[in-house]
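**Student:** next one to model:
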Amino acid sequence: MLNLSTLRLATAPLLTLLLVLYSSASQAQDHTLATRIDNAIAPLFKAGEPGATIIVTKAGRPVFRKAYGMADIARGRPMTPEALMRIASVTKQFTATAVLMLADEGKLALDDDITRFLPDYPTGGKRITIKQLLTHTSGIANFTSKPGFEAGVAKDMTPGQMIDTFKNDPLQFEPGTRYAYSNSGYFLLGAIIEKVSGLSYAQFVEQRIFVPLGMSNSAYDGHERGSAVRAQGYTRGNAGASFEYGKVASMTQPYAAGGLVSTVDDLARWDAAVSAGTLFKPASQQKALTAHILPDGKSVPYGYGWSIGKLRGMTMQSHGGGIYGYSSYALRLPAQQLYVAVLTNADNGIPAAEMIAMKAAAIAAGNPFPEHTAITLDAKVLEAYQGSYRIDDSNTRNFRSEGGKLVMDRNGRNKVVLTAFSDTGFLIPNSVAYVEFGRDAEGAVSKVTFHGPGEPVVHARIGALAP
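**Tutor:** Below you'll find the predicted structure:
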């Protein structure tokens, strides 16, 4: 007769051995993955310059966590993974979550007109809803794009005073009919959160989100309660110039649209809660993490606080942010159970947080971006690509040959110098994107294909540029 006790005793060492072997194999895989990510990112940073912190988690488990560069150049303080930084517009995820919490509690409805809570807000006779603020479809113009905005960014303002600066601006379009990114909308959401909850925005995110999730180093800027040391923020005006301290700005102005500080460890805790579905009801989470659909059936690249797109063919839910002295990017690949958060302490002059996050995520997902080697092309080759290429009815990409390089701009603004990697392919600096030119049956250059993190997009050539 089989003795079960004897069988258990006999199989116990085997089970222990299998667990040890599995753990060892898992650790070896993590080490190999971490090495690949580090090899891709470390060369992007220069000694003695501002840097970044990064975390990569897989199924909620950290597989990469590292810091690069300097947290404080003048004091010689290197960056550490624990560094505190402004997260800019990644804040919008927390603001949207606060609104959804209140909705789940029946204290507001997403289809409520904003005048239910902000009765003095002039809507010009239009109905503007909370949902439209969440999805950037309200038509309310973005206050950070207003002429003269930067001149007054150091001034402390109450939410009411800030709303007064944009509330009378004309709507950009009929509410609900289009998508246009608007910090104004998320600022108004902060005011609504305060009105509904009876708490300040700082108190609400602390008491309802940060404390319950153990995010001890996250706060509305100026209300920190943790021990993490802040990295100094920097800027560099021109290539080759030295780094200077980032512009002084009052975080009362970005407020619920971009006023939070955090660390990559806290952001990983945040995503673990999102992945576990513990923040709000399943239906609310589904809408938050799904592209919003306009009445005409068109999809916009945004849910509630998350941008919705693709990374190397994989569904990506993400958000980036830029603010004086800092930039940020956080993304999740739900099907792959991957999360990446990157915080940098410079608003320009160093590798972009978005590029770092996407490179790391693609490697972790086993679908890395192709590596390209720079080459030099003859001026005659570059001249053949000069011209304007249609993006849509109101936007074009323009290419010129200047000083032995191909230069690209969009609608005549923000020129960037491209780097050739083939006779037809050119890298876009500080990004994962590149362009490739194509010819028609007669051999004439007829199109350029933009390869970004998502699906390739073809732009037809519409004409040559004037000299």
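
**Student:** for the stretch 201-350 of the chain, what spans make up the helices?
**Tutor:** Secondary structure of the stretch 201-350 of the chain by DSSP state H, counting those that start in this stretch: the helices cover 201-204, 255-258, 264-276, 282-288.

**Student:** let's have those helices in JSON lines, adding distance to His136, mean neighbour count and mean pLDDT.
**Tutor:** C-betas here are computed from N, CA, C, even on glycine. Shown next, in JSON lines, are the helices of the stretch 201-350 of the chain (distance: least, C-beta to C-beta, whole Å; neighbours: other C-beta atoms under 10 Å; pLDDT from 0 to 100):
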{"stretch": "helix 201-204", "distance to His136": "19", "mean neighbour count": "21", "mean pLDDT": "98"}
{"stretch": "helix 255-258", "distance to His136": "11", "mean neighbour count": "27", "mean pLDDT": "98"}
{"stretch": "helix 264-276", "distance to His136": "20", "mean neighbour count": "20", "mean pLDDT": "97"}
{"stretch": "helix 282-288", "distance to His136": "14", "mean neighbour count": "16", "mean pLDDT": "95"}
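
**Student:** where does the protein dip in pLDDT?
**Tutor:** Along the chain, the parts satisfying pLDDT under 70 run over 1-28, 239-240, 466-467.

**Student:** okay, now the domains of it?
**Tutor:** What automatic domain parsing lists as the domains of the chain is 85-364, 379-463.

**Student:** okay if I get those as JSON lines plus distance to Thr57?
**Tutor:** Below are these laid out as JSON lines (distance: least, C-beta to C-beta, whole Å):
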{"stretch": "domain 85-364", "distance to Thr57": "5"}
{"stretch": "domain 379-463", "distance to Thr57": "19"}
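
**Student:** deepest in the core, which of those domains is it.
**Tutor:** domain 85-364 (a mean of 19; mean count of other C-beta atoms under 10 Å).

**Student:** now do that one: distance to the chain's middle.
**Tutor:** For domain 85-364, the separation from the chain centroid amounts to 10 Å (computed by C-alpha atoms, centre = their mean, to the nearest Å).

**Student:** show the contacting residues for the closest residue in space to Ser262 that isn't next to it in sequence.
**Tutor:** In space, Ser262 comes closest to Ser218 once its chain neighbours are excluded; the distance is 4.2 Å by C-beta to C-beta, 6 or more residues apart in numbering. Neighbour list for Ser218: 205, 210, 226, 260-263, 266, 270 [criterion: C-beta atoms under 8 Å, 6 or more residues apart in numbering].

**Student:** quick check: phi and psi on the residue lying closest to Ser250 once chain neighbours are set aside?
**Tutor:** Using C-beta to C-beta, 6+ apart and skipping the chain neighbours, the partner closest in space to Ser250 is Asp156 (4.8 Å). When read as degrees, to the nearest 10, the backbone of Asp156 gives phi -70, psi 140.

**Student:** with the one 10 residues further on instead?
**Tutor:** Dihedral angles phi and psi of Phe166 (degrees, to the nearest 10) take the values phi -130, psi -10.

**Student:** how close does it get to Gly152?
**Tutor:** 13 Å (C-beta to C-beta, to the nearest Å).

**Student:** same deal with Ala379?
**Tutor:** Distance from Ala379 to Gly152, by C-beta to C-beta: 46 Å.

**Student:** same check on Ala460?
**Tutor:** On the measure of C-beta to C-beta, Ala460 and Gly152 end up 43 Å apart.

**Student:** same thing with Ser446?
**Tutor:** Plainly put, Ser446 is 48 Å away from Gly152 if you go by C-beta to C-beta.

**Student:** likewise for Phe426?
**Tutor:** Applying C-beta to C-beta to Phe426 and Gly152 gives a distance of 39 Å.

**Student:** same deal with Ala219?
**Tutor:** Distance, Ala219 to Gly152, using C-beta to C-beta: 24 Å.

**Student:** can you tell me the centre-most residue of the chain?
**Tutor:** Gly320 (1.8 Å; C-alpha atoms, centre = their mean).

**Student:** and stretch 207-214, end to end?
**Tutor:** 11 Å (C-alpha to C-alpha, to the nearest Å).

**Student:** which residues sit against that stretch?
**Tutor:** 94, 97-98, 101, 199, 215-216, 218-219, 266, 269-270, 273, 279.

**Student:** check stretch 457-467 too.
**Tutor:** 386-391, 396-400, 438, 445-450.

**Student:** kindly recompute the last result at 7 Å.
**Tutor:** 386-391, 397-398, 400, 445-450 (C-beta atoms under 7 Å, 6 or more residues apart in numbering).

**Student:** measure Ala444 to Tyr385 for me?
**Tutor:** Ala444 is 11 Å from Tyr385, by C-beta to C-beta.

**Student:** what do you get for Gln253?
**Tutor:** From Gln253 to Tyr385 the distance is 42 Å (C-beta to C-beta).

**Student:** then Asp423?
**Tutor:** Counting by C-beta to C-beta - Asp423 and Tyr385 are separated by 10 Å.

**Student:** rewinding a little: you'd agree the residue nearest to Ser250 is up against Met251?
**Tutor:** No - Asp156 is beyond contact range of Met251, at 9.0 Å (criterion: C-beta atoms under 7 Å).

**Student:** cool, thanks, signing off.
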